[in-house]
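1. Curious how this folds, go ahead:
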Amino acid sequence: MTGPLTGPGRAPAGSDSPLTLRVLETLAEATPLWTAFERQATPALSQAHDWLIPWYAHVGNRLGHRPLIVIGMRDTTPVFLWPLARVDGPLGVTLEWLGAANGNQMPGLWCPDSLNALPAQAVTGALNEVARTAGADQVRLVNVPAMLDGVPHPLAGLPHRPSVSAVHVGPLDQPYEALLRSRHDRDARRKLDKKAKGLARLGPVSLVEPVSPDEIRALLDVFTAQRDARARTSGIPNVFADAGLNAALIAALCGTGARPPVLQIVGLEVAGVIRATYITGRSGNRLCCYANSIAQDDSLPFSPGVQLLTLLIRRAAEDPNLTLLDLGLGDERYKHAWTDPEPLIDIGFARSARGHLALQSATFLSALKRRVRASRHLWPLYRRLRKWAARSEG
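-> You can find the predicted model right below:
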């Protein structure tokens, strides 16, 4: 579908040119425009071409998600790109972000110079037009930042609610020692140093950075095994045990053809054993820490995962191209030492009676999850019950 918007979505008089849409239904067809546009667009690691292509090949395709890559253009210039998917469910068709199930924040890709110039009415009209053409019963775009590059997100005027989780972001704009002192008081610094020394007493400590595909697969196997072990003790499901997601990670970590990898994996080795791993990626000026794992062994009292993250932050603080640390979704305690929560929103609206019912159900579940997470009593109780259930099954 290519053409100017009509009706509510039409750009108002006085704008430079009308907003037109190009909608592509195959990833291969979208690739040239996508890869060219993201070189100058607002960065979004979870919506990068080189992550979503393997994700769809190994996960989304199996789930029956149908890609819908929407490119908004003025004249011949792309101003935004939305990697969307049509998903069939018991209550009709949902239009959602492609890869949302395994992503973090999902802003879409936007031309920075156009953020202030795009009329909100035209952008929201574009989404409505895409939903109508796709036959969607509801639109549900999760984990959208309310602000983008210092201005309100172009889609924030649509009906929305708070996301279940915030994204945790902190500065990387000063030398490591200054950053450490700005985020940790004396007692916290002393505790971090004490744990580092305790870890070193177990044996030599080194950073493992695999290069070859075989080395990468070996470290990813350690990552998966450590996540499995944690799942058995904590009751937190290991989503990375899914063979398809594992294959997508391998592709993103190894790169394809002449394109470099979009993700990297590192490990913390102590006394010849990998005690923690981290999967990370760069997105513009952000170091994005996507997922981690820790060994359930004698190193655990010394917080090997925190020690590995500290090493990564120390190195990132020396890189002038990195100014933000992004620890992703989830309210884990270790994140608060380096970052602060930034709320996200879930955009959602119905286009049919059954879409309204589906949206109401999703809204209720999200509100319940937020309430449990925010409760000083319910969340600890839930975590204890989860651990008890995991140990009972074991």
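2. Now do the phi/psi pair for the residue nearest the centre of the chain.
-> By CA atoms, centre = their mean, the chain has its centre lying nearest to residue 104, at 1.8 Å. Residue 104 adopts backbone torsions of phi -110, psi -130, taken as degrees, to the nearest 10.
3. Identify the residue spatially nearest to it, adjacent ones excluded.
-> Leaving aside its sequence neighbours, residue 104 sits nearest to residue 328 (CB to CB, 6 or more residues apart in numbering; 4.4 Å). C-betas here are computed from N, CA, C, even on glycine.
4. ok, that neighbour - how many residues close by?
-> Residue 328 has 23 neighbours, counted by other CB atoms under 10 Å.
5. that's a strand at it, yeah?
-> Yes. Judged by DSSP: H, G, I helix; E, B strand; the rest coil, residue 328 forms part of a strand.
6. Could you measure from it over to residue 121?
-> From residue 328 across to residue 121, the span is 33 Å (CB to CB, to the nearest Å).
7. Hmm, residue 37 is touching residue 108, no?
-> No. If you go by CB atoms under 8 Å, residue 37 and residue 108 don't touch, sitting 11.3 Å apart.
8. Distance check, residue 194 against residue 170.
-> Residue 194 sits 23 Å away from residue 170, going by CB to CB.
9. who's more crowded, the two?
-> residue 170 (20 against 11).
10. which strands and helices sit next to the lengthiest strand in the chain?
-> Counting residues, the longest strand found in the chain (DSSP state E) is strand 77-89. In terms of contacts (3 or more CB pairs under 8 Å, 6 or more residues apart in numbering; DSSP states H and E), strand 77-89 is packed against helix 27-37, strand 66-74, strand 92-97, strand 109-110, helix 120-134.
11. Quick check, residue 352 in contact with residue 91.
-> No. Taking contacts as CB under 8 Å, residue 352 lies outside contact range of residue 91: 9.1 Å.
12. if you count what's nearby, which of the two comes out ahead?
-> residue 91 (20 against 15).
13. Tell me the secondary structure at residue 41.
-> coil.
14. got the contact list for it?
-> Neighbouring residues of residue 41 by CB atoms under 8 Å, 6 or more residues apart in numbering: 80, 81, 109, 110, 111, 112.
15. Over to it: give its phi and psi.
-> In terms of degrees, to the nearest 10, the main-chain angles of residue 41 are phi -90, psi 170.
16. distance of it from residue 251?
-> 22 Å.
17. ok, now residue 277?
-> Distance from residue 277 to residue 251, by CB to CB: 18 Å.
18. Pull up the overlap in contacts between residue 352 and residue 91.
-> Joint contacts of residue 352 and residue 91 (CB under 8 Å, 6+ apart) are 137, 138.
19. that older thread, so the residue nearest to residue 104 sits against residue 166, correct?
-> No. The pair residue 328 / residue 166 is not scored as a contact, 10.0 Å apart, by CB under 8 Å.
20. mind listing the helices for the stretch 251-394 of the chain?
-> Applying DSSP state H, counting those that start in this stretch to the stretch 251-394 of the chain gives helices spanning 304-316, 353-374, 378-393.
21. Distance from the longest one to the middle of the chain?
-> Just to be clear, that refers to helix 353-374. Relative to the centre of its chain, helix 353-374 is centred 21 Å away, using CA atoms, centre = their mean, to the nearest Å.
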